[in-house]
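1. need a structure here:
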Amino acid sequence: MSDDAMTVLRLEGLRKSYNVGQPNEIEVLHGIDVVIGRSDFAALVGPSGSGKSTLLNLLGLLDQPSSGELYLLGQATSAMDDAARTALRGSSIGFVFQFHHLIQAFTALDNVLMPLMLSRGKPDKLAVQQARELLAAVGLEKFANRKPNELSGGQQQRVAIARALITEPALLLADEPTGNLDTRTAAEVFELFHKVNRERDCAVLLVTHDPRLSAACDRTINLVDGRIESDTLNQPASQQK
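-> I've put the predicted structure just below:
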């Protein structure tokens, strides 16, 4: 497989400013160059105010850069209209947040199916089977018909992960996904992300404030004052003392 085929995301000179043209114009991101490959399991870290949320919104095609280019699966996105960006985001990117945002009136199974319902309408039998298999993959096969308020916090986050995977994305973006979980459950959810990365050919980028989680990732990208201060490969856990 070529290098281009292995690349999920490429940022070239990405900049983001707010209040453009106004006296209070401020540039938050100052020329970001990053490449994320299909096998990458990376952490994005940095102090509050470093621009992590702004960068994550750009990576997820939820916002547009002021300049520079973002290539997703080889496609330049800056000139895309909203419909094209929405379609590409829906087919290629999965999102998991600190707050799982499950629909309380829906079962776990229906929550997993939601992205397909939004794009295709009523799911067919194949989609339902796929959703059940994802719930099984995250250890919730027996909880498909339970509603979120009948699940623990960790179980709800697992449903959110299954939901993010239903479209078979090439990139999974996770924003503080273990922030509301106890230590043991956080470790279990983190290992689930690692499993997704290994077994589903899906790049994973975790935004985290937890140094233990970032150290357990294969790669750590450190954002400081809107610039990449470092981008390093971490020592495998098996080699750490």
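2. in the chain, which spans are helices?
-> 3-6, 52-59, 82-92, 108-120, 125-137, 153-165, 183-199, 211-216 (DSSP state H).
3. just so I know, which of those lies nearest Val28?
-> Comparing the helices of the chain against Val28 with Cβ to Cβ, the closest turns out to be helix 52-59 (4.9 Å). Bear in mind the C-beta positions are built from the backbone N, C-alpha and C, glycine included.
4. show me what Cys12 is bridged to.
-> Small correction: residue 12 is Glu, not Cys. Beta-bridge partners recorded for Glu12 (DSSP bridges): Glu69.
5. let me redo that: Thr220
-> Ala43, Thr232.
6. how much space separates it from Pro65?
-> 23 Å (Cβ to Cβ, to the nearest Å).
7. ok so, going back, buried deepest among the helices of the chain, which one?
-> Comparing the helices of the chain by mean neighbour count (mean count of other Cβ atoms under 10 Å), helix 153-165 ranks first with a mean of 23.
8. tell me the mean pLDDT over that one?
-> In this model, helix 153-165 carries a mean pLDDT of 88.
9. report the angle between that helix and helix 125-137.
-> Here the directions of helix 153-165 and helix 125-137 differ by 140 degrees (axes from the mean of the first three to the mean of the last three Cα atoms, to 10 degrees).
10. list the contacts of helix 153-165.
-> 94-97, 100-102, 108, 111-112, 114-115, 131, 134-135, 137-140, 143, 148, 151, 172, 177-178, 180-182, 185, 188-189, 192-193, 196, 200, 202 (Cβ atoms under 8 Å, 6 or more residues apart in numbering).
11. now swap in stretch 128-148 and tell me
-> Outside stretch 128-148, the residues within contact range by Cβ under 8 Å, 6+ apart are 100, 102-109, 111-113, 116, 123, 150-151, 155-156, 158-159, 161-162, 165-166, 192.
12. now swap in stretch 173-180 and tell me
-> Defining contact as Cβ under 8 Å, 6+ apart, one finds that stretch 173-180 is touched by 53, 56, 59-60, 93-99, 153, 157, 160-161, 185-186, 189-190, 193, 204-210, 213.
13. one more pass at 6 Å, please.
-> 56, 60, 95-98, 186, 189, 205-207 (Cβ atoms under 6 Å, 6 or more residues apart in numbering).
14. end to end, how far does stretch 141-152 reach?
-> Across its full length, stretch 141-152 reaches 15 Å between end residues, using Cα to Cα, to the nearest Å.
15. just stretch 196-208 next, same as before
-> Terminal residues of stretch 196-208 lie 18 Å apart, using Cα to Cα.
16. just stretch 97-116 next, same as before
-> Terminal residues of stretch 97-116 lie 19 Å apart, using Cα to Cα.
17. what mean pLDDT does it get?
-> Rounded mean pLDDT across stretch 97-116 is 86.
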